[in-house]
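Participant: dropping a prediction and its sequence here:
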2 protein chains.
Amino acid sequence: KSSPKRIGAQDSYQNEEEEKEKEIDWLRSLEEVEDILSYKFNNKNLLKKAFIHPSYHFHDETKESYERLEYVGDSVLNLVISKETFLLYPDSSPGVLTRLRAANVDNEKLARVAVKYELYRYLRHKAPDMGDQIQAFSKDILNYPIHSNGLIETPKFLADIIESIIGAVFIDSNYSLDIVWKVFKKLLEPIIGPKTLRIHPMTELYELCQKNKMSINFVDGSTCEKYRTYNVVLKNNTVIGTSTCASRKEIVKNRAAKAALDHLKATLPSTELH
Amino acid sequence: KSSPKRIGAQDSYQNEEEEKEKEIDWLRSLEEVEDILSYKFNNKNLLKKAFIHPSYHFHDETKESYERLEYVGDSVLNLVISKETFLLYPDSSPGVLTRLRAANVDNEKLARVAVKYELYRYLRHKAPDMGDQIQAFSKDILNYPIHSNGLIETPKFLADIIESIIGAVFIDSNYSLDIVWKVFKKLLEPIIGPKTLRIHPMTELYELCQKNKMSINFVDGSTCEKYRTYNVVLKNNTVIGTSTCASRKEIVKNRAAKAALDHLKATLPSTELH
């Protein structure tokens, strides 16, 4: 019989072997990412790093996650979208351009890309609830083909992946904006333009109320711990919109605003709507 | 004697002549900008546009100001600073990098550049109080050699000029990040790094109070219309910091926070400070 010590050593050896195999599988799977991007990395370490979630090396601060690449990718994405919108829409005002940029780089827009191309499949992480979050988000976006404008909860890590891959390609291509745009233009489709740009429900509601001299308040009407409720209330205490869901405050408020808008659009005379 | 109509025509002719001369003077002066930048524009229209404040064509919406260039320049600056900080500080965490980027692209930082190189001198505008604003800002920054961290009022147009010139150089150089960085690295000196990065007084105050289990409130104590007053008040109603000045709410609050910090640092035992 072998001593306990030997069993322990063997276990650890087996674990190491398993880890190595996992690593090899992962590296092989990353070639699929290169296929999705139609881009071959010169430095595969950049590609690897782009898919390491902070939870993966949670207990080892010396090992890096995708966060520094995400930092760079965020700025790269901002610039390529600024440049494209500037060139594509020579007659758009700076205000419209700013809204176009915001809509094309926001977390929901990017998370949709991660879901569409299933890029989350290549992520190394130790976060237990990612699967549920991806499922919920994938279901939620079915109701909004292009963008929900703040009505659904977006798991941040899904957007982070896209920014980290953009950062990785930017650095790997020797800082080429042209290559970044060539790689990501297709993935980011449909790019939101002046015609597909939608006004945020909160902005639209306040504008409509101002036009009709109505004063509104958002009142927290939550009755249990699990769900949050917000009501949109007129000065005379009439509730014109409400939402109850298990989301962040901001999302619930936006949904209540959307409900109030739908109500006003159905009840106000059409002359008062625009 | 000439008829009134003729006098009018002559006046208008003289005005036109004057305008032409002014335009020629302005174009000549823009060559000084090229000297300051050590960059010759291929397309002088970009250089011109970079120095047209929105107020200049206020009554003619068809004529463009620098705002679209500013939109692009903002993103360009963000990226060149992201790239530099990423490369210069390989061991900095994403959190520190984000603070470094914010400090190097913020309005105060950019307005300082506009003042240092007197770039406002080339701006065409019809805003009556720009001179006063420049003078006040130029005086205020003397108290803070590198950055005030939110304690002084920054005229936005001074920062806008820098972003619009960056946008103009980026487009004129056929979208070259290298050329933008070569041109602006010197102008943006001193670039704020981890060693010169200062914590915001509001953040520092809240951290210090949390450490010492003190709960604070910012109370509006304004007594006249011209000046705003904010007091930092403990739960037992003791005022530990105050500021009164004719600035925006945010600035007055930041200054009150700074006053409270100075007070706590002078009165708390040194063991409670870090």
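Facilitator: Arrived safely.
Participant: interface residues of chain A facing chain B?
Facilitator: Those residues of chain A that sit near chain B, judged by Cβ under 8 Å from any Cβ of the partner chain, are A:67-68, A:70-72, A:74-76, A:78-79, A:81-83, A:86, A:93-94, A:97-98, A:101, A:175, A:177. (Glycine included, C-beta is placed from N, CA and C.)
Participant: how far does the helix or strand harbouring A:K49 sit from the chain's center?
Facilitator: Assigned by DSSP states H and E, A:K49 belongs to helix A:44-50. Computed by Cα atoms, centre = their mean, to the nearest Å, the chain-centroid distance of helix A:44-50 equals 21 Å.
Participant: cool, stretch A:122-130 as well?
Facilitator: For stretch A:122-130 - counting by Cα atoms, centre = their mean - the centre lies 16 Å from the chain centre.
Participant: same thing with stretch A:259-273?
Facilitator: With Cα atoms, centre = their mean as the basis, stretch A:259-273 stands 31 Å off its chain's centre.
Participant: likewise for stretch A:61-73?
Facilitator: 17 Å.
Participant: about what we covered before: tell me the mean pLDDT for the helix holding A:K49?
Facilitator: Averaged across helix A:44-50, the pLDDT comes to 96.
Participant: again, but for stretch A:137-153
Facilitator: So the average pLDDT for stretch A:137-153 ends up being 92.
Participant: what comes up buried for that stretch?
Facilitator: In terms of neighbour count (16 or more other Cβ atoms under 10 Å in any protein chain shown), stretch A:137-153 has its buried residues at A:F137, A:S138, A:D140, A:I141, A:H147, A:S148, A:N149, A:G150, A:L151, A:I152, A:E153.
Participant: filter the residues of chain A next to chain B to the buried ones?
Facilitator: Buried members of the residues of chain A next to chain B, counted by 16+ other Cβ under 10 Å: A:67-68, A:70-72, A:74-76, A:78-79, A:81-83, A:86, A:94, A:97-98, A:101, A:175, A:177.
Participant: from those residues, which ones fall inside helices?
Facilitator: A:67-68, A:70-72, A:74-76, A:78-79, A:81-83, A:86, A:94, A:97-98, A:101, A:177 (DSSP state H).
Participant: map the structural domains onto the sequence of chain A.
Facilitator: Domain segmentation of chain A under automatic domain parsing yields A:8-188, A:201-272.
Participant: for B:Y117, which of these is the nearest?
Facilitator: Closest approach to B:Y117 among the domains of chain A (Cβ to Cβ): domain A:8-188, 24.1 Å.
Participant: so which other helices or strands are in contact with the helix ranked longest in chain A?
Facilitator: Identified as the longest helix of chain A according to DSSP H is helix A:4-37. If contacts are counted by 3 or more Cβ pairs under 8 Å, 6 or more residues apart in numbering or on different chains; DSSP states H and E, helix A:4-37 sits against helix A:44-50, helix A:156-172, helix A:177-188.
Participant: okay, now A:T267: neighbour count?
Facilitator: 9 (other Cβ atoms under 10 Å in any protein chain shown).
Participant: er, A:K265 I mean
Facilitator: Neighbours of A:K265 using other Cβ under 10 Å come to 13.
Participant: which residues touch the helix holding A:K49?
Facilitator: Contacting residues not belonging to helix A:44-50 are listed as A:27, A:30, A:33-34, A:41, A:64-66, A:69, A:161, A:164-165, A:167-168, A:171-172 [Cβ atoms under 8 Å, 6 or more residues apart in numbering or on different chains].
Participant: before we move on, back to that, would you mind finding the most buried of the domains of chain A?
Facilitator: domain A:8-188 (a mean of 17; mean count of other Cβ atoms under 10 Å in any protein chain shown).
Participant: run through the residues that contact the nearest residue to A:R68 once chain neighbours are set aside.
Facilitator: For A:R68, ignoring the flanking residues on the chain, the nearest one in space by Cβ to Cβ, 6 or more residues apart in numbering or on different chains is B:P94 at 5.5 Å. B:P94 makes contact with A:E67, A:R68, A:E70, A:Y71, according to Cβ under 8 Å, 6+ apart.
Participant: list the contacts of the third one.
Facilitator: Same thing as A:E70. A:E70 is in contact with A:D160, A:E163, A:S164, A:G167, B:P94, counting by Cβ under 8 Å, 6+ apart.
Participant: let's see that with 7 Å instead.
Facilitator: By Cβ atoms under 7 Å, 6 or more residues apart in numbering or on different chains, the contact list for A:E70 reads A:D160, A:E163, A:S164, A:G167.
Participant: a markdown table for these, including pLDDT?
Facilitator: A markdown table is the format used below for the contacts of A:E70 (pLDDT from 0 to 100):
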| residue | pLDDT |
| --- | --- |
| A:D160 | 98 |
| A:E163 | 98 |
| A:S164 | 98 |
| A:G167 | 98 |
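Participant: just the residues you listed now: which is nearest chain B?
Facilitator: For those, the minimum distance to chain B (Cβ to the nearest Cβ) is 8.4 Å, reached by A:G167.
Participant: skipping its backbone neighbours, what lies nearest that closest one in space?
Facilitator: Using Cβ to Cβ, 6+ apart, the nearest residue to A:G167 is A:G73, at 3.1 Å.
Participant: wait, the one you found touches A:I171, no?
Facilitator: No. Contact between A:G73 and A:I171 fails when scored by Cβ atoms under 7 Å: they sit 9.2 Å apart.
Participant: what pLDDT does A:V33 get?
Facilitator: So, for A:V33, pLDDT stands at 97.
Participant: A:Y13 versus that one, what's the distance?
Facilitator: Per Cβ to Cβ, to the nearest Å, A:V33 is found 31 Å from A:Y13.
Participant: cool, A:E272 as well?
Facilitator: 76 Å.
Participant: likewise for A:I81?
Facilitator: 50 Å.
Participant: for A:K156, same thing?
Facilitator: Relative to A:Y13, and taking Cβ to Cβ, A:K156 is found at 38 Å.
Participant: one more: A:P155?
Facilitator: Counting by Cβ to Cβ, the gap from A:P155 to A:Y13 is 37 Å.
Participant: A:W26 too?
Facilitator: Distance from A:W26 to A:Y13, by Cβ to Cβ: 20 Å.
Participant: once you drop chain neighbours, what's closest to A:D140?
Facilitator: Counting by Cβ to Cβ, 6+ apart, the residue nearest A:D140 is A:I152, at 4.1 Å.
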